[in-house]
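Novice: Give me a model of this one.
(3 chains)
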Amino acid sequence: MRVRIGEIAALLGGELLGDATLEVERIAPLDSADARAIGFLAHARHAAQVQRSAAGCLIVAPALRDAAAARGAAIVCADPYLAYARLTQWWAARVRTAPCSGVHPSAVVEPGARIAASASVGALAYIGAQACLAAGAVVGAQAHVGAHAELGEGTTLHARAVLARGCRIGARGIVHSGAVVGADGFGFAPVPDEGGRWEKIEQLGAVAIGDDVEIGANSCVDRGALEDTVVGNGVKVDNLVQIGHNVRIGEHSALAGCVGVAGSARIGRRCTFGGAAMILGHLEIADDVHVSAGTLISRSIRKAGVYSGVFPFDDNAAWEKNAATLRQLHALRERIRALEKRQ
Amino acid sequence: MRVRIGEIAALLGGELLGDATLEVERIAPLDSADARAIGFLAHARHAAQVQRSAAGCLIVAPALRDAAAARGAAIVCADPYLAYARLTQWWAARVRTAPCSGVHPSAVVEPGARIAASASVGALAYIGAQACLAAGAVVGAQAHVGAHAELGEGTTLHARAVLARGCRIGARGIVHSGAVVGADGFGFAPVPDEGGRWEKIEQLGAVAIGDDVEIGANSCVDRGALEDTVVGNGVKVDNLVQIGHNVRIGEHSALAGCVGVAGSARIGRRCTFGGAAMILGHLEIADDVHVSAGTLISRSIRKAGVYSGVFPFDDNAAWEKNAATLRQLHALRERIRALEKRQ
Amino acid sequence: MRVRIGEIAALLGGELLGDATLEVERIAPLDSADARAIGFLAHARHAAQVQRSAAGCLIVAPALRDAAAARGAAIVCADPYLAYARLTQWWAARVRTAPCSGVHPSAVVEPGARIAASASVGALAYIGAQACLAAGAVVGAQAHVGAHAELGEGTTLHARAVLARGCRIGARGIVHSGAVVGADGFGFAPVPDEGGRWEKIEQLGAVAIGDDVEIGANSCVDRGALEDTVVGNGVKVDNLVQIGHNVRIGEHSALAGCVGVAGSARIGRRCTFGGAAMILGHLEIADDVHVSAGTLISRSIRKAGVYSGVFPFDDNAAWEKNAATLRQLHALRERIRALEKRQ
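Specialist: Numbering: from 1, shown residues only, chains lettered A, B, ... in the order given. As a prediction, the model looks like this:
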C-alpha cells in the first residue's frame, strides 16, 4: 500500500510539515524506518533520535516540531503514540481482507441460533442452539459459540476461540485464538472420611463481558459458581491469563500475559497487572492499583498505588548466599536486638 | 426451575425447618439471596449473617439450627458445604440440556473406533482410529480423540479438548475446553560440537488418567518419555496447569490455576498446590503436602505440612529498599558476626 | 516391536558387547527395565546402577565398558544420552503410523492455497487462502493455517494448533496441539481524558520461525506490532509459554514450561530458561545465559552465566517469620550501621 502523507495528516488531525504528496509504504520502528516508511516518537525524551532517523516522515509531539521540521517531513500531533495507534487501525483496515459475511458451508449452526445478516461465520465454526450473533459479529474458523451465548455488535471470535454456553460478550470485543470463556470454575467440597475425595460444585453461573474487551490467546475466564463472572467495559487481557470464577474486573483494567486472578477476587477500575502477577482469591483491589510483574498479591489493597514483591535476581552464586541467609533472617533480627540491648 | 424446599431437604437428607411447600428458583450467595433463593452457610463463623439473610431458605449446620429456625425456613445438614455441592449437581442435571446421544453428522470418526451406543459425539469432533469411547462418554463439539485413545464411562471431553494418541482417561472424568492431554514431553539431548543444537527425544509413553479426574481449560498433561505420565484417581486440575512428562500425581491431589509440575516429579496423595506454585523436576513430594500459591518447590519434601516461599508484596518504594538490601543480606550477616565477636 | 541389539548397535554406531541376535521389545528407564528392554546410563555417576540393572541390554559410555561387559549385553557409545535420543527417533518412526498423505475430505482448503503433493492435511483442518505447505508438511486434525501462512518442509502442526495469517515456520518444525502462533501482540495506547480508555494498536507484523523449532502445547507466539516476532533456528519452546510481540530469540535457546517473555525482549543464542521464568519487556539477554526456574529478569543481562532470584521455600511457619522480617530489612541494615558506628 502507498499512502500520501497529506492523507495521513488529515486522518490524524495533525499539522503537516513538508510535501503532502510524499508517499510512504509502511509504518516502521524508528530505528529501522527508511525513506518509504513513516515512524513516530512516542516520547519527547527520544528527541535525539529525530536527526538520526531515515524515515520518510515522522509523527512527533509539538515540543519536537522545530527539530522535526529541520530534518524533513513530519506530522505534529498532540499525542504521537495515540496517533500511531489510530494509524495502525486505519492501515489494518486497508491491508487486511475483511471476513466474507455469511455462514461458511462447513460451519455447524444448531437450530434456533440467531445470526444477523451482516455477521460472518467462518469455516468449521460451531454455533450452538439459541446462540445470538449481532450485526457485524465475526466467528472465525473453528471457533465455538455455545448454546444461548451472545456476541455483541462488531465482536470477533478468532479461530478456535470458545465462548461457552450462556456466556455473553458486548460490542466491539476481540477474543483471540484458543481463549476459553466459560469453562467451569474450580470448585469442590471435601468429603469427610472418604480418603480425601472431592465433590464437584457445579458451576451454575456464566461469564458476562462488557464492551470493547479484548481477551488474549489461550486465556481462560471461568463461569461463576452461582452468579456470573464479570469483566467490565474496556478491559484488556493478554495471553495465557487465568481469571477464576466469580471474579469481577472493573472498567479499563489491563492484565498482561500469564497473570492469574483467583476465584471471587474483585478488581477495581483502571488497574494494571504486570506479567505473571497473581491475585489470590476473595481479595479486593481498589481502583488505580498497579501491580508489578511477578508479584503475588496476598491481601486486599485499599489504596491506589504501585505494589511490588519480587525476589531481585542476581548471578546464581550471589543469589544462593543471600537466599540461604534469608532463611535465618528472623534469627538475625533477634541477634541485632541482642546486640542493641548489650550497648 | 421452581423447587419445593421439602424436595431439597429430602435430596440432601437434612432436617427441614419450615414449610415444605415453599418454592425456590435458584441457589444464591448469602449476600445476594432473596426470598426466591436458597442459600447456605459453609462455616459456623458466619453465624452473624443468618439473621441478615433475605434468602427464602438457608442450609445450615446443626450448630446454627436454633438461629436459623428463629429466622425462617432452613435445612439442617451435617456438612452444609458438601450439601451445597450436591445440590448444585442435582440442579445442573435439571437445568442443562443433556448432549444428544449418537454421533453428530459433522463429526469425523476414523475406521476401527469403538463408540458405545450411549456415547455422544458432538459437532466437528474427531475420533481417531481404534479409539474407544465407553458407555455414556461425551466428546464435545470440536474435541479431538486420537488413535488408540480411551474414554471411560461417563467421561466428558468438552469442546476443543484434545486426548491424543494412546492416552487414557477413566470413568466420570471431565476434560475442559482447550486442555491438551498427550502432547510430547519436553526432552532433548544436547549435541556436542554443533553450536548448541538439540536432538529430539521422541516421547514414546502416553498419559494414563484415573477415575473422577477433572482437567481444567487449556491445561496440558504431557505424554511420558518411555513410560506413562500418571494422574491418580480423584485428582482435580484447574486451568492453565502444566504437568510434564513422567510425572505421577497421587489420588485426590488438587492443583490450582497456573501451577507447573516439571518432568518426572512424583507427587503424593491429598496434596494441594495454590495458584502458580511450581514443582521442579525429579522431586518427590510426600502425601498431604500443601504448597502455598506462588511458591517454587526446589527440593523434595518428605514430610506432610504447609510450605511457602513468596516475597511479601509491599508498596513499590518500600519493596525497592528491602529488595536492594536483600542483595547484601549475606554481607549483613557477616557484619552482625563481626559485631558479636567484638563484644 | 522386536529388535535385535546388533541392529541397534549398528544404528547407533556403538561397540556391541554380547550376542547380536538378542532381542529387545522396548526402551525402558533403568530402574524398570527387564530382560526384554534396552536401558541407558546417561551419566558415569550412575555406574553403581549397572550391576543392579535387569535390562536385556544397556547403552553405556566408554568409561563403563568393563563394568557393563561383566554384567551382560551392552552397547558402548561416546554419548549415551544422545544415542538414546536417536534410538527413540528410530523407534518412533517404526511404531507410529505415518499420517496418510493427501487432504482429508473433511478439511477446508481455501482457494489459492499451495499444498505440495506429499503434504498431509488431516480431518477438519483449515488451510487459508494463499497458504503454502511444503513437501512433507503435515497439518493435523482440526489445525488451522491462516491466509498467506507458510509451513516448511517436513514441518508438523499437531491437532488444533494455529498458525495465523502471514506467519511462517521453517523446515522440520513441530507445533504442538493448542499452540497459537500469530495472535495479536498486547499493544494499546492510553487515551487521555476518557476515563482510562485504551486504543488498540493493530499488530501489523507477523511471526517468523526458523528451522528445527518446536513449540509446545498451548504456547503462544504473538505477531509483531510493525515488524515480525522472530524465533531462531533450533529453538525449543515447552508448553504454556508466552512469547510477546517483537521478541527475538537466538538460535538453540530453550524455554521450559510456563515461561513468559514480554514484548520486544531480545534473547541471545543457546540461552536456557527454567520453568516459569519471566523476562520483562525491551530487555537484552546475552548469548549463553541460563535463568533458573521461577526467576524474574528485570534488567538486561550482558554477560553469559547462571542467574537466579527465587524466595527459598520453607515450612509455612518459618517462612512467615522470615517474610515478615524481610519487610524491615532496610531498617535492619540501618540498625547494623548504627551498631557499627557506636563501636
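Novice: A:Ala35 is in contact with A:Ala54, isn't it?
Specialist: Yes: shown here, A:Ala35 and A:Ala54 form a contact pair, counting by Cβ atoms under 8 Å, at 6.4 Å. Quick note: C-beta positions are derived from backbone N, CA and C, even for glycine.
Novice: What distance do you get for the closest residue to A:Val306 other than its chain neighbours to B:Glu25?
Specialist: Spatial nearest neighbour of A:Val306, excluding adjacent residues (Cβ to Cβ, 6 or more residues apart in numbering or on different chains): B:Asn316 at 3.9 Å. From B:Asn316 across to B:Glu25, the span is 48 Å (Cβ to Cβ, to the nearest Å).
Novice: If you count surrounding residues, which of the two has more?
Specialist: When neighbours are counted by other Cβ atoms under 10 Å in any protein chain shown, B:Asn316 and B:Glu25 differ, and B:Asn316 comes out ahead with 18 against 14.
Novice: ok, now which ones touch the more buried one?
Specialist: Counting by Cβ atoms under 8 Å, 6 or more residues apart in numbering or on different chains, B:Asn316 touches A:292, A:305-308.
Novice: CSV for these, including secondary structure, pLDDT and distance to A:Gly102?
Specialist: Shown next, in CSV, are the contacts of B:Asn316 (DSSP: H, G, I helix; E, B strand; the rest coil; pLDDT from 0 to 100; distance: Cβ to Cβ, whole Å):
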residue, secondary structure, pLDDT, distance to A:Gly102
A:Ser292, coil, 98, 47
A:Gly305, strand, 98, 50
A:Val306, strand, 98, 49
A:Tyr307, strand, 98, 49
A:Ser308, strand, 98, 50
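Novice: tell me which of the residues you listed is nearest to chain C?
Specialist: Of all these, chain C sits closest to A:Ser292, with 8.8 Å by Cβ to the nearest Cβ.
Novice: follow-up on the earlier one: so for A:Ala35 and A:Ala54, which residue has more residues nearby?
Specialist: More crowded of A:Ala35 and A:Ala54, by other Cβ under 10 Å: A:Ala54, with 16 against 13.
Novice: remind me, longest helix of chain A?
Specialist: helix A:80-95 (DSSP state H).
Novice: neighbours of the residue in chain A that chain B sits nearest to, just the number please.
Specialist: Distance from chain B to each residue of chain A (Cβ to the nearest Cβ) is smallest for A:Gly309, at 3.0 Å. Around A:Gly309 there are 28 other residues, counting by other Cβ under 10 Å.
Novice: For it, give me its contacts.
Specialist: A:292, A:295-297, B:310-314, B:319.
Novice: if you set the cut-off to 10 Å instead, what comes out?
Specialist: For A:Gly309, the contact set (Cβ atoms under 10 Å, 6 or more residues apart in numbering or on different chains) comprises A:277, A:291-292, A:294-298, B:294, B:310-316, B:318-319, B:322-323, C:311, C:323, C:326-327.
Novice: Which strands or helices does the least confident helix or strand in chain A by mean pLDDT pack on?
Specialist: Here the helix or strand of chain A ranked lowest by mean pLDDT, DSSP states H and E is helix A:48-52, holding a mean of 87. Helix A:48-52 sits against strand A:57-60, helix A:65-71, with contacts defined as 3 or more Cβ pairs under 10 Å, 6 or more residues apart in numbering or on different chains; DSSP states H and E.
Novice: can you rerun that using 7 Å?
Specialist: Counting contacts by 3 or more Cβ pairs under 7 Å, 6 or more residues apart in numbering or on different chains; DSSP states H and E, helix A:48-52 packs against helix A:65-71.
Novice: which of the residues in the helix it packs on are buried?
Specialist: Using 16 or more other Cβ atoms under 10 Å in any protein chain shown as the test for burial, helix A:65-71 gives A:67-68, A:71.
Novice: and the residues you listed as JSON lines, adding distance to A:Ala85?
Specialist: Below are these laid out as JSON lines (distance: Cβ to Cβ, whole Å):
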{"residue": "A:Ala67", "distance to A:Ala85": "23"}
{"residue": "A:Ala68", "distance to A:Ala85": "20"}
{"residue": "A:Arg71", "distance to A:Ala85": "23"}
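Novice: pLDDT and distance to B:Pro80 added to these, as CSV?
Specialist: Formatted as CSV, those follow (pLDDT from 0 to 100; distance: Cβ to Cβ, whole Å):
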residue, pLDDT, distance to B:Pro80
A:Ala67, 92, 70
A:Ala68, 94, 69
A:Arg71, 94, 73
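Novice: would a markdown table of those with distance to chain C be doable?
Specialist: Output for the buried residues of helix A:65-71, formatted as a markdown table (distance: Cβ to the nearest Cβ, whole Å):
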| residue | distance to chain C |
| --- | --- |
| A:Ala67 | 22 |
| A:Ala68 | 20 |
| A:Arg71 | 20 |
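Novice: Show me what from the stretch 51-200 of chain A comes close to chain C.
Specialist: With Cβ under 7 Å from any Cβ of the partner chain as the criterion, the stretch 51-200 of chain A meets chain C at residues A:79, A:81-82, A:84-86, A:88-89, A:91-92, A:106, A:123-124, A:141-142, A:159-160, A:176-178.
Novice: picking that back up, quick check: pLDDT value at the residue nearest to A:Val306.
Specialist: Here, the pLDDT recorded for B:Asn316 equals 97.
Novice: What of A:Thr97?
Specialist: Note for A:Thr97: predicted pLDDT of 80.
Novice: Check A:His46 too.
Specialist: A:His46 is assigned 79 on the pLDDT scale.
Novice: any idea how far the nearest residue to it once chain neighbours are set aside is from C:Trp91?
Specialist: Sequence neighbours aside, A:Leu30 is the residue nearest to A:His46 in space, at 7.2 Å (criterion: Cβ to Cβ, 6+ apart). According to Cβ to Cβ, A:Leu30 stands 52 Å off from C:Trp91.
Novice: do A:Ala78 as well
Specialist: Counting by Cβ to Cβ - A:Ala78 and C:Trp91 are separated by 65 Å.
Novice: quick one: which of these two has more around it?
Specialist: Applying other Cβ under 10 Å to A:Ala78 and C:Trp91 shows that C:Trp91 carries more neighbours, namely 20 against 12.
Novice: Is it correct that that one is in contact with C:Ala28?
Specialist: No: if you go by Cβ atoms under 7 Å, C:Trp91 and C:Ala28 don't touch, sitting 11.7 Å apart.
Novice: which residues of the stretch 201-343 of chain A fall in helices?
Specialist: For the stretch 201-343 of chain A, helices defined by DSSP state H, counting those that start in this stretch occupy the ranges A:316-326, A:329-342.
Novice: Distance from the shortest one to the middle of the chain?
Specialist: By that I understand helix A:316-326. Its chain's average C-alpha position is 36 Å from that of helix A:316-326, according to Cα atoms, centre = their mean, to the nearest Å.
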